[in-house]
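S.K.: How does the following fold in three dimensions:
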Amino acid sequence: MVAHTLPCIYAQYLVELVKRWGVTADDLLAGSGVRPEALSDPELRISTEMAATVLERARTLTREPALGFYLGTQMRLSAHGALGVAALSASSVREAVELAIQFMPIVTTAFGLRLRIDGPKASIILEEHADFGNARDIVLLSILMSLARIGEGMTRQDLGGFADLALPEPYYYRRLIRLAPRLRFNQPVHRLLIDTDQLSVPYTMGDAVALQRARNECERILDSISGAAATTARVRSFMNRGNGRLATLAEAATALHVSARTLRRQLATEGTSFSTLLDDERRERAILLLHSRSLPLKKIAGSLGFANVANFSRAFVRWTGKRPSEHRQSNE
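M.R.: Okay, the predicted model is just below:
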């Protein structure tokens with residue numbers, strides 16, 4: 001079982017946030033084993049279990065159930081170390097997203113990012129790999145809010161779109177509607193959904209020289225990490241070819257500059273296979289496409305590479321226990 005961790009410096013943002021409610025760093029971190037003066041140490045990391053405990057304590061002490069929203073608006077790219085520098089130096093939204101997808105493991109393996117492009121819409125999908133217990137809504141809400149705010153801050157324009165969460169709508173959201181009107185709950189996945197052409201929006205601080213230096217540092221750190229499942233994350237990012245077509249093993253291997261045989265071996269070392277990842281991608285995309293009532297099942301089946309609706313239906317039953325039509329009706 002992977003022991004997921006987070007940079008301790010993230011807790012510094014929480015310490016600064018809870019001051020609004022009169023909560024001190026000593027009160028917040030009491031019993032956590034983390035000293036307030038250690039929070040600025042870029043090398044110090046804490047377990048996801050410890051992070052969840054501190055977040056829940058913060059919610060209790062502040063009596064603010066929507067803590068995740070406020071934490072997300074406070075996060076900055078600089079907290080992410082070399083990856084943050086690389087993203088700050090990127091030339092466009094798309095380049096920053098691709099850097100985040102590739103190098104997320106150097107920050108944490110508790111989450112992963114994927115980019116899916118389906119015609120005019122692009123999804124930046126957030127994957128969960130760790131259990132944050134009762135603090136789950138705080139963590140997910142803060143991440144999606146920070147991604148949206150950072151993107152708008154770097155481009156200096158409203159990217160539009162929606163932030164989707166695969167969570168029931170929390171009772172406290174009614175108070176946040178005017179602050180976050182484009183936040184949607186009970187969705188198939190956690191994601192930022194924007195127009196595809198927004199990926200080409202340039203960043204105002206793009207710097208090719210700084211980007212190359214930061215990328216080199218990110219690659220050095222990534223190479224030093226063991227058990228990060230980096231190949232799996234990168235294959236997932238290449239799975240969607242951007243034109244509605246799913247990548248083949250050969251295409252993914254080419255994108256990663258390895259042979260198909262080497263890619264199979266690397267994925268096996270990480271406990272998975274290309275066929276498993278492809279099956280996961282088809283399942284997730286099928287669920288998303290079924291939310292569009294205007295798409296006929298035949299078109300969905302074809303876009304996922306199935307010869308006919310019958311084959312698609314059998315696969316969907318295997319994935320979810322329901323026929324596609326049943327799933328669509330249950331979400332009306």
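
S.K.: Could you use CA atoms for every contact and neighbour count after this?
M.R.: Will do.

S.K.: quick one: contacts of stretch 25-41?
M.R.: Outside of stretch 25-41, the residues that reach it under the criterion C-alpha atoms under 8 Å, 6 or more residues apart in numbering are 8-12, 15, 44, 50, 53-54, 57-58, 61.

S.K.: buried set for it?
M.R.: By neighbour count, with 16 or more other C-alpha atoms under 10 Å as the criterion, the buried positions of stretch 25-41 are 25, 28-29, 34, 36, 39.

S.K.: Endpoints of that stretch, how far apart?
M.R.: The straight-line separation of the ends of stretch 25-41 (C-alpha to C-alpha, to the nearest Å) is 15 Å.

S.K.: Check the offset of it from the chain's centre.
M.R.: Centroid separation between stretch 25-41 and its chain, computed with C-alpha atoms, centre = their mean, to the nearest Å, is 27 Å.

S.K.: Return the residues in contact with Leu183.
M.R.: If you count contacts by C-alpha under 8 Å, 6+ apart, Leu183 has them with 162-165, 177.

S.K.: residue closest to the middle of the protein?
M.R.: Centroid-nearest residue in the chain, with C-alpha atoms, centre = their mean: Leu126, separated by 2.3 Å.

S.K.: right, and the helix or strand after the one helix or strand Thr232 maps to?
M.R.: Thr232 belongs to helix 230-239 when assigned by DSSP states H and E. For helix 230-239, the succeeding helix or strand toward the C-terminus, using DSSP H and E, is helix 249-255.

S.K.: on that earlier part again, what about dumping the CA coordinates of the helix holding Thr232 to PDB?
M.R.: The C-alpha coordinates for helix 230-239 follow below in PDB (Å, rounded to 0.1, in the frame of the first residue of the first chain):
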ATOM      1  CA  ALA A 230       4.800   8.100 -12.900                       C
ATOM      2  CA  THR A 231       4.400   6.000 -16.100                       C
ATOM      3  CA  THR A 232       0.800   5.200 -15.300                       C
ATOM      4  CA  ALA A 233       0.100   8.900 -14.800                       C
ATOM      5  CA  ARG A 234       1.800   9.900 -18.100                       C
ATOM      6  CA  VAL A 235       0.000   7.100 -20.000                       C
ATOM      7  CA  ARG A 236      -3.300   8.300 -18.700                       C
ATOM      8  CA  SER A 237      -2.500  11.800 -19.900                       C
ATOM      9  CA  PHE A 238      -1.800  10.500 -23.400                       C
ATOM     10  CA  MET A 239      -4.800   8.200 -23.600                       C
END
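
S.K.: re the thing from before, who's in contact with the nearest residue to the residue nearest to the centre of the chain once chain neighbours are set aside?
M.R.: Leaving aside its sequence neighbours, Leu126 sits nearest to Leu113 (C-alpha to C-alpha, 6 or more residues apart in numbering; 4.8 Å). Residues in contact with Leu113 (C-alpha under 8 Å, 6+ apart) are 100-101, 104, 124-127, 233, 237.

S.K.: where does the stretch 151-300 of the chain have low pLDDT?
M.R.: When the per-residue scores of the stretch 151-300 of the chain are filtered using pLDDT under 70, the ranges that remain are 225-230, 237, 240-245.

S.K.: Strands along that one, start to end?
M.R.: Using DSSP state E, counting those that start in this stretch, the strands assigned to the stretch 151-300 of the chain run over residues 162-164, 183-184, 190-195.

S.K.: got the domain boundaries for the chain?
M.R.: The domain map for the chain lists 5-200, 229-332, with the assignment taken from automatic domain parsing.

S.K.: hey, which of those domains is tucked in deepest?
M.R.: Greatest average neighbour count among the domains of the chain goes to domain 5-200 (a mean of 18), per mean count of other C-alpha atoms under 10 Å.

S.K.: Determine how far the last residue of that domain lies from the first.
M.R.: Between the opening and closing residues of domain 5-200 lies a distance of 33 Å (C-alpha to C-alpha).

S.K.: cool, stretch 164-175 as well?
M.R.: In stretch 164-175, first residue to last residue: 18 Å (C-alpha to C-alpha).

S.K.: which residues are in contact with that stretch?
M.R.: Contacts for stretch 164-175 (C-alpha under 8 Å, 6+ apart): 65-66, 137, 140-141, 183-193.

S.K.: just the angle between the longest helix belonging to the chain and strand 190-195, please?
M.R.: With DSSP state H applied, the helix covering the greatest number of residues in the chain is identified as helix 136-155. Regarding helix 136-155 and strand 190-195, their directions subtend 30 degrees when assessed with axes from the mean of the first three to the mean of the last three C-alpha atoms, to 10 degrees.
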